[in-house]
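Student: sequence first, then the predicted structure, then my questions.
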There are 2 protein chains.
Amino acid sequence: MSKPTSPAPYKPEPITGYTEWLPEARLVEQQWMDHIRKVFESYGFCNIETPAVEEIEVLSAKGGDTEKEIYALRRLYDSPQDAEPRVALHYDLTVPMARYVAQHYNDLVFPFKRYQMQKVWRGERPQEGRFREFLQCDIDVIDNEDVSKSFDAELPIIVYEVLQGLGVGPFSINVNNRKILQGFYQGLGIEKITEAIRIADKFDKIGADGVRKSLVDQLQLPEDVAAKCVALAQIRTSDLGFVEQVRALGVQSELLDEGIEELRFVIDHMKDIPAGHIWADLSIARGLDYYTGTVYEGKLLDYPGYPSVCSGGRYENLVGSYLRKKLPGVGMSIGLTRIFAKLLKDGKLPVGPKSTTQLLVAFPQGANRDDVRRTAAHFRSRGVRVEAYHEDKKTPKQLQYASRKGIPYVLFPGADGAPHQVKTLATGEQVEVSADWLPG
Amino acid sequence: MSKPTSPAPYKPEPITGYTEWLPEARLVEQQWMDHIRKVFESYGFCNIETPAVEEIEVLSAKGGDTEKEIYALRRLYDSPQDAEPRVALHYDLTVPMARYVAQHYNDLVFPFKRYQMQKVWRGERPQEGRFREFLQCDIDVIDNEDVSKSFDAELPIIVYEVLQGLGVGPFSINVNNRKILQGFYQGLGIEKITEAIRIADKFDKIGADGVRKSLVDQLQLPEDVAAKCVALAQIRTSDLGFVEQVRALGVQSELLDEGIEELRFVIDHMKDIPAGHIWADLSIARGLDYYTGTVYEGKLLDYPGYPSVCSGGRYENLVGSYLRKKLPGVGMSIGLTRIFAKLLKDGKLPVGPKSTTQLLVAFPQGANRDDVRRTAAHFRSRGVRVEAYHEDKKTPKQLQYASRKGIPYVLFPGADGAPHQVKTLATGEQVEVSADWLPG
């Protein structure tokens, strides 16, 4: 039998833009995912998982800046003359969800409330908080003809509960409504509204002066019009106070009224959330074209320069385009990798033991292997996470293994029916226990 | 603001070789993954997750047939003149794990017992049981210099417990040892041992006669030698009986003795597993070059022609090659997608409701929205998975929603502190309940 050929010695390096964690950090990440799943399900969202790939036609139909970041798949040894790649990795979970709803339309119950927790891939330049592979946790609600505004209001409460439970430190979820921006700009007589929204969206990067200057320079808006746009973007209240402040700017339009009513509804719905977490923030625009109403954007307050950690909004026409139906939706996405990587790097995660093992059953020198295995199986059958040490090595070596792996208890099986001894590693205390013992 | 452009109406179709499930099936898949994780952790294995991609250099170093199935990543709008792709999707979880161990060597505790549950991708021709994207659940143990034979014996017990708990129907886990094959063939004076093993590996596809004929025709073995190889491959016992049967063939070699002892140890270790699940099966070879001792292969007995649903073995040189160290390992991989897809297609999965929601809080016509939301929040805070119906639609519509989604209880909130009413959908019974009520 041929031995595998040894490749030239080669020290693997991390691949730029891709993350992976040591077991002790991965354990925390798993707990995060468990928590998120639990919260999502506690609000009645069901899980779906879609393939990592979609047809390129599906991925590029939505347009936007992400298109140039799409990774297409091609078999390694296909030559460039072979057929063009037909599938590519998804760059978000919204487009796959839209395709899923269209494809399985007749088998779903509407309003369709789904969550999805998967990796997505973008070929962008890696930098702090931006990865080529990252984990997104999305909730969306899709419905026929109209999706209830009730969900616009419920989603940020769910995301609040997720972030609060994860212990990510202080955060704010900022909510706005595209109709406010669009209606306000219409009321001001601005023609290039999309361009104006794109500029306003840079508020937290270029500041009030930057926005004003861009509006004047790039869109040739009069100074007083640009000043009103900036004044709108500066409105930020944690209660319904934003309504009066917008009104005070004296701009009129039906669409503006509609937007104000929608945002008022959402903010009013949050009144039981402790103050300071959810804001009506009229600077929020979200660059993506497909949002048509409510928009969301969340930030970690300890890291004001860090990219947003959750985002989303309402879209009218993402799913239905496949089916000649109207299937609007509203959704939010939590950037799990973005949050996790930052807190991990900053030493702010409760990273503990390297495994969830509660008990190591030692293999005393000269002991019968069957006894060790059966003792471990006994405690395992009682719900304990147990490792049986694999060889009858010296006790200190076995204790060291438990200690390095973070296993709190070591049990020395009693020979021939004698009672077991359990050592608590944290204290060094060792006591006799019966087969009924359970780790504390 | 520009509306998104509607793409041409387009009915999305499933992509060949990729699977996705409806919410009710995905729920079962999640339960499967929870179960597998629980069993793996109950034996002290810790989880890791590696990126979907590895450097192509890492993926191709191991050789084998999978290389031509590797999917390389290239940005959609990079031209063929751009740099060659440097990364590709992993086709298994063993190679990424080996790279991970090499890269994080100093931060891991050995023996390193890890599990990994991730999608893998292979550009092969899709057929029943073979997918281009599928979920693998792997456990491996890697150690310095030598990995204890204890783990060769423990892994099939863990996989037995996984499969038993999943309720996959009757199955067998077949175990062999490459040293038996290699030593036996050496003892018979066969020179082209790798080729002979590759032929023997086809035993369950081409049968005893096919193997005998291939050995004679392709390797020019004498008939009596080929007959002994076939006789070896026909040995299959659920206890230690295989030892005598091999001895009875009269072939001698040190390596054969070693292999027999190793397999005896593994099979003896299983004696507490109900008979008929784990077999010493001397036909098992596993095509992959890198196995050097124990090999495993599991089958669903209801589907004898279906590909193996778990497999693995011991390898001496997969990790160490990166580090100029000897880091042997032993591992098993469960083909979750392969099992799940087959049982789902055959209607053998307990597919139930479309969500885990336990309770729908109805929104009676004319009720106060805050009351509905707060009632839902109250039960949610007590650990119940609750949906609050989103609008005050007519009761039958709300009941229909609950029924279609498989929600067992609907609660009608009492106005102004009046008691709630709960309807059990299965029976139609409706009773008055207090705020302390919990779904049964």
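Tutor: Structure's in. What do you need?
Student: I'd like the next helix or strand past the longest helix anywhere in chain A.
Tutor: Scanning chain A for the longest helix, with DSSP state H as the assignment, gives helix A:23-42. Once the chain leaves helix A:23-42, the next helix or strand it forms, by DSSP states H and E, is strand A:46-47.
Student: which strands or helices does that next one pack on?
Tutor: helix A:23-42, strand A:112-121, helix B:23-42 (3 or more Cβ pairs under 8 Å, 6 or more residues apart in numbering or on different chains; DSSP states H and E). In short, each C-beta sits where N, CA and C put it, glycine included.
Student: these into JSON lines, with extra columns for mean neighbour count and mean pLDDT?
Tutor: Shown next, in JSON lines, are the helices and strands packed on strand A:46-47 (neighbours: other Cβ atoms under 10 Å in any protein chain shown; pLDDT from 0 to 100):
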{"stretch": "helix A:23-42", "mean neighbour count": "19", "mean pLDDT": "98"}
{"stretch": "strand A:112-121", "mean neighbour count": "23", "mean pLDDT": "98"}
{"stretch": "helix B:23-42", "mean neighbour count": "19", "mean pLDDT": "98"}
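Student: of all these, which one is nearest A:Glu55?
Tutor: strand A:112-121 (15.5 Å; Cβ to Cβ).
Student: convert the C-alpha atoms of the helix or strand that comes right after that closest one to PDB, please.
Tutor: Using DSSP H and E, the helix or strand that follows strand A:112-121 in sequence is strand A:133-142. Below are the C-alpha coordinates for strand A:133-142, written out as PDB (Å, rounded to 0.1, in the frame of the first residue of the first chain):
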ATOM      1  CA  GLU A 133     -16.700  35.100   4.700                       C
ATOM      2  CA  PHE A 134     -19.000  36.000   7.500                       C
ATOM      3  CA  LEU A 135     -22.000  34.700   9.400                       C
ATOM      4  CA  GLN A 136     -25.300  36.600   9.100                       C
ATOM      5  CA  CYS A 137     -28.400  35.900  11.200                       C
ATOM      6  CA  ASP A 138     -31.500  37.200   9.400                       C
ATOM      7  CA  ILE A 139     -35.100  37.400  10.200                       C
ATOM      8  CA  ASP A 140     -37.600  38.400   7.500                       C
ATOM      9  CA  VAL A 141     -41.400  38.400   7.100                       C
ATOM     10  CA  ILE A 142     -42.900  38.100   3.600                       C
END
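Student: what mean pLDDT does strand A:133-142 get?
Tutor: Per-residue pLDDT over strand A:133-142 has a mean of 97.
Student: which SSE is A:Trp279 in?
Tutor: Assigned by DSSP H and E, A:Trp279 belongs to strand A:278-281.
Student: name every strand pairing with the helix or strand following that strand and say which way it goes.
Tutor: Later in the chain than strand A:278-281, the nearest helix or strand by DSSP H and E is strand A:291-300. Applying DSSP bridges to the sheet, strand A:291-300 is found paired with strand A:171-177 (antiparallel), strand A:310-315 (antiparallel).
Student: in chain A, which ranges drop under the pLDDT threshold?
Tutor: The model of chain A has pLDDT under 70 over residues A:1-11, A:62-66, A:79-83, A:288-289, A:319-322.
Student: any idea how it splits into domains?
Tutor: Following automatic domain parsing, chain A resolves into domains at A:15-169+A:309-352, A:170-301, A:359-433.
Student: for B:Leu425, which of the ones you listed is the nearest?
Tutor: Short answer: domain A:15-169+A:309-352, nearest of those by Cβ to Cβ, at 14.0 Å.
Student: so where do the helices sit in the stretch 201-350 of chain A?
Tutor: A:203-219, A:223-233, A:242-247, A:254-269, A:336-345 (DSSP state H, counting those that start in this stretch).
Student: report all helices and strands that the shortest one contacts.
Tutor: Here helix A:242-247 touches helix A:254-269, going by 3+ Cβ pairs under 8 Å, 6+ apart.
Student: dump the strands paired with strand A:291-300 to a markdown table, plus mean neighbour count and distance to B:Asn47.
Tutor: As requested, the strands paired with strand A:291-300 are exported to a markdown table (neighbours: other Cβ atoms under 10 Å in any protein chain shown; distance: least, Cβ to Cβ, whole Å):
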| stretch | mean neighbour count | distance to B:Asn47 |
| --- | --- | --- |
| strand A:171-177 | 25 | 27 |
| strand A:310-315 | 26 | 25 |
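Student: out of the ones you listed, flag the one nearest B:Ser148.
Tutor: Using Cβ to Cβ, these put strand A:310-315 closest to B:Ser148, at 46.0 Å.
Student: pull the CA atoms of the closest one into CSV?
Tutor: Output in CSV follows, covering the C-alpha atoms of strand A:310-315 (Å, rounded to 0.1, in the frame of the first residue of the first chain):
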residue,chain,number,x,y,z
CYS,A,310,-27.3,45.0,12.2
SER,A,311,-29.4,46.5,9.4
GLY,A,312,-32.4,45.9,7.3
GLY,A,313,-35.7,47.4,6.2
ARG,A,314,-38.8,47.0,4.2
TYR,A,315,-38.8,46.1,0.5
